[in-house]
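# could you look at this predicted model? Sequence included:
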Amino acid sequence: MKLEQAIAALRFDPAMPLWLLGTLAGFCALALVVSVWARARGVVWRFFAFAALLLWLAGPRIVEETRETLPDIALMVVDQSASMGVGKRAALAETARAKIEAQARDLPDLELRTVTVPEQGSEGTKLFGAIDRALAEIPRDRLAGIIALSDGQVHDQPEGPAPFGGAPFHLVLPATGEEVDRRVRIIEAPSYGIVGKTVTIRMTVEDLGTARNGLTMFGAAALTIRRDGEAPRVEQVPIGLEHQIDIPITRGGNTVIELAAEPLAGEISQVNNKAVVEINGVRDRLRVLLVSGEPHAGERTWRRLLKADPAVDLVHFTILRPPEKDDLTPLNELALIAFPVRELFQVKIKDFDLIILDRFQNRGVLPPQYLRNIADYVRNGGALLMSVGPEFTGATSLAATPLGAILPARPAPFATVVNGAFRPGITALGNRHPVTEGLAAWRPAGAPPAEGGPGWGTWYRRIAPADLHGDVLMDAPDPGGAAPLLVLDHVGEGRAALLLSDQIWLWSRGHDGGGPQAELLRRTAHWLMKEPELEETALTARVAKGVLTVERRGLEEALPGQVTLIDPDGKQSSLPLRPVRPGRSVGMLAAPSPGVWQAADGPLRAFAAAGAANPPELADLRATATVLAPLLTSAGSVHWLDPAGAPALRRTEPGREFSGSGWIGLQRRHDHIVTGVAATPLLPAWLALPLILGLALMAWWREGA
């Protein structure tokens, strides 16, 4: 046994308490001091005798342990997040993993444990979370080191040096060196915009891994802006500086904006060169003009309905006295204000989103020119809703004016006003039209279902039409066949609706069980104002939770069985549709690729914005060591992979170099368990007693000589 090993193995087992042993040593020292002061001859022999006695009482012994050396444990962490799918990273990492595991099997004193970091959605790469979970089962005294096969894009790195108890941390990157990448980053984008106004998107184009980011002297990048498949426009955007893009909102519903920057020379991927923004177009305030031709029981129903909607600005006029009636009532007692005919129907008619004529008849209040203005207003994109009663017949009917050219029907020449109880119903076409779809199931709470009908209340008057064109959504029973009640029609760029009864107000009073009066009129008004959700023929698409849903609406009895689909990479395919209810078919498809998805069916087009499944992963696609640099300064190393394979494994001693060119070191921790203990006394009793007695006799002899 070497001297240093013997000293390390020396132990003491005193034969008496330490305080008593210390007291005895004090008496021995006092006796020696007295002998020295008296200049006695046997002081040296007396010192050796006392020393031998005290040493024997201290119980010195050599303790030898039988040990079993434990193998060291190395941890290899393999990153399998989304960014590792760029280029050949996954293949390089898998090759390196296999070679490192093969080398570790050839090292008898090393155990290699491998864990993976899976894709975790929008949380980014949780590399150190996986390391912490694995280290919970590894004693720190046996940790030889950590090898991370990753692109370096980590989103949970701790601050400061690596907290691994001195074990080295080796980062192995599946690339040949630091990479560059260009990305489009959205700084701020509104989620909605007012129709007719402009919204601003704040964005920037950044070149990562280059020295020029943020320096305009190096020029700009071409940015292509596409809006709902329209012709793109190109702007020059300075690299690294904020840029603003103005987008006009021209219609209600979703508007999909795609921003694509030109590729950067040598960049690793173009996946994040694109960004998609989805803006929902909403109307600020809906301006509605309601003109009641005469006071009647249903007039208040219209006003109450429109005033209840906070998004509606209502202008309401009621004709209290027709021009031909003269009862000598003073004007200041008859009307609050004069009817501003010219201002409403010539100057500001285009400011209204919807005009409602409730039981209005041609009595000279509106000259033919103003009625022609209403017709032109509708043809140019306006909306007109007429609710008619007996005034729609005869010589004063609006059907006999220039307005009649845009109406979906005219009054029948004979038996025009039909009196008698009936329950309104929905036509087969109405079951497929968004305005009346699903209304047949409506029934007030507690009301018993009406036999043979949806349970709606009774009406008592309707107008028989002629020259009918447009879509009939509601009808009434009639001996000669169902009679139309609600007719919708497209007129030029605008729309018109005709309700051939003035009895809908009975539903609002709950008469005979009532009916869906508010919902029906709301849908009709919003269809007239071209609300996208109420379009009868439409193709819509949306992406939610990685799934693309395409919906085809139409009035045909048999809708198309498939649509054409174009993914963000420009690849075209067919998406089958399945009917879900009359007038609607739906198709679904996984949408893993971020960008703009386009669905097409003839002239119909729909666009859906698919965001990145893991935005942090796509924010920076470079393989880089800069993110983890603070952890690698004290006990870490960086190694770049190439197709040749992985770095070699070497065992190193603590305090020595732990990495070099082409190799990574794993420390020998020399951890062990003790299997047995053997104690050998240095001064056994059979030797100590003769030695002490002999030294005492020598001291006595020397002092008596």
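All right, it came through fine.
# got the domain ranges for this structure?
The domain map for the chain lists 3-68+675-704, 71-178+623-670, 181-283, 286-528, 535-610, with the assignment taken from automatic domain parsing.
# return the residues in contact with the closest residue in space to residue 531 that isn't next to it in sequence.
Counting by C-beta to C-beta, 6 or more residues apart in numbering, residue 531 lies nearest to residue 252, which is 6.1 Å off, once chain neighbours are set aside. For every residue, glycine as well, the C-beta is placed using N, CA and C. By C-beta atoms under 8 Å, 6 or more residues apart in numbering, residue 252 lies in contact with 195, 281, 282, 283, 530, 531, 532.
# likewise for residue 222?
234, 235, 236, 237, 261, 262.
# which one among the residues you listed gets closest to residue 632?
Closest to residue 632 out of the contacts of residue 222 is residue 261 (31.8 Å), distances taken as C-beta to C-beta.
# would you confirm that that closest one contacts residue 221?
Yes - using C-beta atoms under 8 Å, residue 261 is in contact with residue 221, at 5.0 Å.
# who touches both of these two?
Joint contacts of residue 261 and residue 221 (C-beta under 8 Å, 6+ apart) are 182, 205, 237.
# related to what we said a few turns ago, buried subset of the contacts of residue 252 as a PyMOL selection?
This is the PyMOL syntax for the buried subset of those, where burial follows 16 or more other C-beta atoms under 10 Å:
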select buried, resi 195+281+283+530+531
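# which stretches in the stretch 151-300 of the chain count as strands?
With strands called from DSSP state E, counting those that start in this stretch, the stretch 151-300 of the chain shows them at 169-173, 181-188, 192-194, 198-208, 220-227, 233-238, 243-248, 253-261, 274-282, 286-292.
# now these in TSV, with distance to residue 689 and mean pLDDT?
Shown next, in TSV, are the strands of the stretch 151-300 of the chain (distance: least, C-beta to C-beta, whole Å; pLDDT from 0 to 100):
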stretch	distance to residue 689	mean pLDDT
strand 169-173	60	91
strand 181-188	85	91
strand 192-194	102	87
strand 198-208	84	92
strand 220-227	97	90
strand 233-238	97	91
strand 243-248	98	92
strand 253-261	96	87
strand 274-282	94	87
strand 286-292	116	88
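# most packed of those?
Most buried of those by mean neighbour count (mean count of other C-beta atoms under 10 Å) is strand 169-173; its value is a mean of 25.
# mind showing which ranges of the stretch 601-705 of the chain have poor pLDDT?
The model of the stretch 601-705 of the chain has pLDDT under 70 over residues 612-614, 643-644, 674-678, 704-705.
# still on that earlier bit, dump the strands of the stretch 151-300 of the chain into CSV; add distance to residue 108 as well.
Listed next are the strands of the stretch 151-300 of the chain as CSV, based on distance: least, C-beta to C-beta, whole Å:
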stretch, distance to residue 108
strand 169-173, 21
strand 181-188, 43
strand 192-194, 66
strand 198-208, 44
strand 220-227, 56
strand 233-238, 60
strand 243-248, 61
strand 253-261, 54
strand 274-282, 52
strand 286-292, 81
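# of all those strands, which one is nearest residue 651?
Checking those against residue 651 by C-beta to C-beta gives strand 169-173 as the closest, at 13.7 Å.
# packing partners for that closest one?
If contacts are counted by 3 or more C-beta pairs under 8 Å, 6 or more residues apart in numbering; DSSP states H and E, strand 169-173 sits against strand 143-149, helix 629-632, strand 636-640.
# just for the stretch 401-550 of the chain, where's the confidence low?
Across the stretch 401-550 of the chain, the ranges flagged by pLDDT under 70 are 440-455.
# returning to what we had before: from the contacts of residue 222, which is closest to residue 146?
Of all these, residue 146 sits closest to residue 261, with 37.2 Å by C-beta to C-beta.
# quick check: bridge partners of the closest one?
residue 223 (DSSP bridges).
# what about residue 520, neighbour count?
Residue 520: 22 surrounding residues under other C-beta atoms under 10 Å.
# that one is in contact with residue 436, isn't it?
Yes - assessed by C-beta under 8 Å, residue 520 is found in contact with residue 436 at 7.1 Å.
# and for those two, which residues touch both?
Here residue 520 and residue 436 share the contacting residues residue 486, scored by C-beta under 8 Å, 6+ apart.
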